[in-house]
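Chemist: Sequence plus the predicted model coming up.
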Amino acid sequence: MMTLMKSRLKTFLGGIHPAEDGKALTLDKQKTTLPLPKTVYLVMSQHIGAPAKPIVKKGDVVKKGQLVGDAQGFISAHVHASVSGKVIDVAPWPHPVTGMKCPAVIIENSGEEVWAEDVNVASDTDLLSSEEIRRRIHTAGIVGLGGATFPTHVKLTPPKDKSIDTVVMNGAECEPYLTCDYRLMLDKPHEIIEGLKLMMRCIGCKKAHIGIEENKRDVYAIFRDIVSKDPDIKVDLMEVKYPQGAEHQLIKALLNREFKPTQLPLEVGAIVANVGTAFAVYEAVKFHRPLIERIVTVTGNGVENPQNFLVRLGTPVRQLLEEARLTADVNKIIFGGPMMGIAQGSIDTAVTIKGTGGILVLRDAQRWESHACIRCGRCVDSCPYGLNPSELSIVCEAKEFDQALDNNVMECKECGCCSYVCPAKRPIVHLIKFAKSEIAKRKMKG
Ligand code: SF4
Ligand code: SF4
């Protein structure tokens, strides 16, 4: 009976089932609003594409929601003041993901919470043209909040020769430990559906398909109920499996369409949006609200009070950790979840950005000794993109980059499934990342 039920759930080939997903730590914690930060550090690169350009200077007084970073070019996104106050510097600041210094607007919070003119104003959306919907999304600086941070107005501008028939909404939240999307889906389901419909209108697409993992049956029931009279929006339960929320796996599971790892969903007539993005779109189009805050899961056994915080962008990470009661003996802090997150060398300068969905704090992260590959093949079975991670790790380690290219190293999405299952504890993803960055450097040199 159990097997029968499982087989009805949508899914894909490969992937992993983490034994301990850590979600129970914050699953039942209602979202808490973090106290306002004294200072925010708004880095100008919070998205894929060209960094925004600071358009304020030291000494300027800014209001909440005011544009402080202007998008440069089409693939870029605006950055807005997340508090009202005084600009105390415009200077390079370490980027929390890359560690590289990046221009930032630093604002001392006055605590007045005064909104800028023309933002936070409700409007009727029924008669908006698709151009106006896209313009408001662009103006609000919306990017993909599932972690990809691709500017949403770009995603909603498909090339003229591509016909999109379905918007796929990602409610999987397959990354272990993270529950920020789950809490948002519980709190704001109607708004998320409205945001989804606005995106459908924006690209003239009639159908939508929402995928939710089986461990969130409560939100599945809520979403099914909301769209029960709308036959063009389907909601499906999917198997709990990582990386179920990745674009290729989501589209395979829900639409049974496949495309190459190097291609985009629009090759098979779809675009994918995360539930957080849909909510941000609703806020932007309905209320002219720029993206200045988001929910962040702060979790792991290194904090005494794991939480889902509503956080202003640019807030120092240390404030989130203190609020969650950081323990003294932490040995690893990861931006994001354990599978795709980025381990932090230092948290002294780390700040929240649009793509910060979670901060995982561990006090007993094991350090494994790695061994030679025993050719067990587990990594091959787990790779959702059909690569041979064993072979890749060997040629990358040997710095045989041409061979790595022959083995399609650029198709690796760095999902981490191979490293997770490897009994020899080979650092497969690290070796692949290293090779990819060396190949990129080689290409730049010509
Ligand atoms: S990290 Fe790359 S090689 Fe490893 S399983 Fe994921 S896609 Fe495949
Ligand atoms: S899982 Fe590890 S040991 Fe097994 S084949 Fe892959 S790299 Fe080798």
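Modeler: All right, it came through fine. Just so it is clear, the structure is predicted and the values come from calculations on it, not from any experiment. Ligands and ions are numbered 1, 2, ... in the order given.

Chemist: Check the burial of V298 by counting its neighbours.
Modeler: 29 (other C-beta atoms under 10 Å). Yep, even glycine has a C-beta here, placed from its N, CA and C like the rest.

Chemist: Make sure it is actually in contact with T356.
Modeler: No. Using C-beta atoms under 8 Å as the test, V298 is too far from T356 to be in contact (10.1 Å).

Chemist: and stretch 397-405, what's its mean pLDDT?
Modeler: Average pLDDT, stretch 397-405: 96.

Chemist: Could you do stretch 361-374 as well?
Modeler: Average pLDDT, stretch 361-374: 86.

Chemist: for stretch 105-114, same thing?
Modeler: Across stretch 105-114, pLDDT averages out at 97.

Chemist: could you dump that stretch to CSV, C-alpha only?
Modeler: Written as CSV, here are the backbone C-alpha positions of stretch 105-114 (Å, rounded to 0.1, in the frame of the first residue of the first chain):
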residue,chain,number,x,y,z
VAL,A,105,25.2,51.6,0.4
ILE,A,106,25.4,51.7,4.2
ILE,A,107,22.4,53.3,5.9
GLU,A,108,22.1,54.3,9.6
ASN,A,109,18.5,53.5,10.5
SER,A,110,16.6,56.5,11.9
GLY,A,111,13.8,54.2,13.1
GLU,A,112,11.2,56.5,11.6
GLU,A,113,10.0,53.9,9.0
VAL,A,114,9.0,56.6,6.5
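
Chemist: Q319: neighbouring residues, count only.
Modeler: For Q319, the neighbour count with other C-beta under 10 Å is 19.

Chemist: Name the single longest helix found in the protein.
Modeler: Counting by DSSP state H, the longest helix found in the chain is helix 428-445.

Chemist: Establish whether that one and ligand 1 are in contact.
Modeler: Yes. Counting by C-beta under 6 Å from any ligand atom, ligand 1 has neighbours in helix 428-445: 428-429, 432.

Chemist: Derive a PyMOL selection command for the buried subset of those.
Modeler: With 16 or more other C-beta atoms under 10 Å as the criterion, this PyMOL line picks the buried residues out of these:
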select buried, resi 428+429+432
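
Chemist: Ligand 1: which of the residues of helix 428-445 next to ligand 1 is nearest?
Modeler: Proximity of those to ligand 1 (C-beta to the nearest ligand atom) peaks at V429, which lies at 4.8 Å.

Chemist: Got the confidence number for the closest one?
Modeler: 95.

Chemist: check contacts around it.
Modeler: V429 makes contacts with 412, 414, 416, 418-419, as judged by C-beta atoms under 8 Å, 6 or more residues apart in numbering.

Chemist: out of the residues you listed, which are buried?
Modeler: 412, 416, 418-419.

Chemist: Any chance of TSV for those, columns pLDDT?
Modeler: Listed next are those as TSV, based on pLDDT from 0 to 100:
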residue	pLDDT
C412	96
G416	95
C418	97
S419	95
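
Chemist: what pLDDT, on average, does stretch 136-145 get?
Modeler: Per-region confidence: stretch 136-145 scores 98 on mean pLDDT.
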